[in-house]
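Chemist: Sequence and predicted model, in that order:
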Amino acid sequence: MSHPLIIDGPERGVLRLTLNRPEARNALTTTLLRAIAEALAAAATDDKVGAVVLTGDQRAFAAGADIKEMAERDLVGMLNDPRQRHWQAIADFPKPIIAAVNGYALGGGCELAMHADIIIAADTARFGQPEIRLGIMPGAGGTQRLVRAVGKSLASQMVLTGEAIDAGRALAAGLVSEITPPELTLERATAIAETVAAQAPLAVRLAKEALAKAGDTDLATGLRFERHAFTVLAGTQDRDEGIAAFHDKRAARFLGR
Ligand code: DAK
């Protein structure tokens with residue numbers, strides 16, 4: 001059996017994770033989720049990784065939790081579900097994740113894409129939370145992150161009807177930041193990841209954390225965090241290097257210090 005997650009790189013600071021269960025539309029088994037969480041845990045402490053690209057194949061980014069596996073879990077099984085831990089590990093990953101979405105991002109697949117900091121989608125991609133049609137509801141942040149991403153009305157429509165939206169709608173709603181022809185999605189996501197990976201690592205980490213606060217906290221708390229993070233960066237060598245490079249009209253050489 002082929003491995004459900006293909007790990008490439010890091011190359012130019014970018015690690016690529018490719019979901020590899022094409023026969024099941026990249027449905028997220030516990031094994032696949034664990035593999036993503038473990039790859040990210042390793043990437044978190046690898047200085048050669050500045051950003052991660054997460055992708056699937058042309059037909060599906062991921063069609064959600066593996067329904068066959070889910071059917072085997074009763075209430076106690078759900079309470080002891082190891083997947084919660086894996087989802088948390090993905091949410092806690094401190095470096096930027098850029099999702100390159102082709103095809104379907106449904107249920108847990110849409111939720112996985114929303115764990116990314118930036119989503120680049122093929123113009124043929126479809127996003128949805130169809131759990132309601134299975135008699136369940138989103139369980140990996142779909143009701144919370146989707147409202148924050150697209151607003152209450154569209155999120156409610158998606159979650160309560162189970163109907164997917166196309167990439168154009170996802171772009172207009174702010175769920176994704178760019179759409180591309182399908183054959184260019186991965187390339188574009190990788191280019192963005194390389195640009196991110198070339199920046200000062202500590203600044204990127206704190207900026208990611210501050211951006212996350214915007215969705216998690218009230219404005220005053222978020223602004224306070226931003227001010228503290230900004231102040232912390234004043235003590236880094238990379239800030240001095242960035243400013244010196246600007247004056248010298250040369251590219252900065254950041255060290256992550
Ligand atoms: N799980 C398992 N197998 C799946 C699957 C899935 N989610 N999606 C597709 N497959 C399998 C199909 O069963 C089929 O297998 P075979 O029959 O060939 O053996 C194969 O992939 C190809 O599927 P189709 O023939 O249906 O392919 P199409 O291209 O025609 O359609 C589709 C693609 C993605 C539109 C369709 O397969 C589909 O609607 N799939 C189901 C999508 C769905 O309902 N997703 C939501 C799943 S529930 C939690 C965290 C997360 C979650 C819950 C809790 N906690 C931490 C508590 C998440 C829940 C979900 O995501």
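Modeler: That came through fine. Computed from a predicted structure; not experimentally measured.
Chemist: Now do the contacts for Ser156.
Modeler: Val147 (CB atoms under 8 Å, 6 or more residues apart in numbering). No exception for glycine: its C-beta is placed from N, CA and C like everyone else's.
Chemist: Look at Asp47 and say how many residues are nearby.
Modeler: 10 (other CB atoms under 10 Å).
Chemist: same deal with Leu223?
Modeler: Counted with other CB under 10 Å, the neighbours of Leu223 add up to 14.
Chemist: Going along the chain, name the helices of the stretch 51-200 of the chain.
Modeler: 67-71, 75-79, 83-92, 108-114, 142-150, 152-161, 167-173, 185-197 (DSSP state H, counting those that start in this stretch).
Chemist: What are the buried residues along the fourth one?
Modeler: This means helix 108-114. Of all the residues in helix 108-114, those buried under the rule 16 or more other CB atoms under 10 Å are 108-114.
Chemist: packing partners for it?
Modeler: strand 60-62, strand 97-101, strand 126-128, helix 142-150 (3 or more CB pairs under 8 Å, 6 or more residues apart in numbering; DSSP states H and E).
Chemist: mind putting the ones you listed in TSV, distance to Leu79, mean neighbour count and mean pLDDT included?
Modeler: Converted to TSV, the helices and strands packed on helix 108-114 look like this (distance: least, CB to CB, whole Å; neighbours: other CB atoms under 10 Å; pLDDT from 0 to 100):
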stretch	distance to Leu79	mean neighbour count	mean pLDDT
strand 60-62	24	29	98
strand 97-101	28	28	99
strand 126-128	27	25	98
helix 142-150	19	19	97
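Chemist: Could you dump the ones you listed into CSV and include distance to the ligand?
Modeler: Putting the helices and strands packed on helix 108-114 into CSV (distance: least, CB to the nearest ligand atom, whole Å) gives the following:
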stretch, distance to the ligand
strand 60-62, 6
strand 97-101, 13
strand 126-128, 8
helix 142-150, 8
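Chemist: Centre of the chain to stretch 58-69, how far?
Modeler: With CA atoms, centre = their mean, to the nearest Å as the basis, stretch 58-69 stands 16 Å off its chain's centre.
Chemist: Show residues contacting it.
Modeler: Counting by CB under 8 Å, 6+ apart, stretch 58-69 makes contact with 19, 22, 24-30, 32, 55-56, 83, 99-110, 112-113, 122, 125, 130-131, 134, 139-140, 182, all of which sit outside it.
Chemist: filter those residues to the buried ones?
Modeler: For the contacts of stretch 58-69, buried by 16+ other CB under 10 Å: 19, 24-30, 32, 55-56, 83, 99-110, 112-113, 122, 125, 130-131, 139-140, 182.
Chemist: and the spatially most central residue of the chain, what are its phi and psi?
Modeler: Centroid check for the chain by CA atoms, centre = their mean gives Ala116 as the closest residue, at 1.4 Å. Backbone torsions of Ala116, given as degrees, to the nearest 10, read phi -80, psi 160.
Chemist: List the contacts of it.
Modeler: 54, 97-99.
Chemist: could you redo the last one with a cut-off of 6 Å?
Modeler: Counting by CB atoms under 6 Å, 6 or more residues apart in numbering, Ala116 makes contact with 97, 99.
Chemist: Residues contacting the worst-scoring helix or strand of the chain on mean pLDDT from elsewhere in the structure, which ones?
Modeler: In the chain, no helix or strand scores lower on mean pLDDT, DSSP states H and E than helix 75-79, which sits at a mean of 83. Residues outside helix 75-79 that contact it (CB under 6 Å, 6+ apart): none.
Chemist: For Gly13, list the residues it contacts.
Modeler: Taking CB under 6 Å, 6+ apart, we find Gly13 in contact with 50, 197.
Chemist: residues in the protein within reach of the ligand, list them.
Modeler: 24-25, 27, 60, 63-68, 81, 83-84, 87, 104, 106-108, 130-131, 134, 139-140 (CB under 6 Å from any ligand atom).
Chemist: The same query, at a cut-off of 8 Å, please.
Modeler: 23-25, 27-28, 59-60, 63-70, 78, 81, 83-84, 87, 103-104, 106-109, 111, 126, 128-131, 133-134, 136, 138-140, 142, 162 (CB under 8 Å from any ligand atom).
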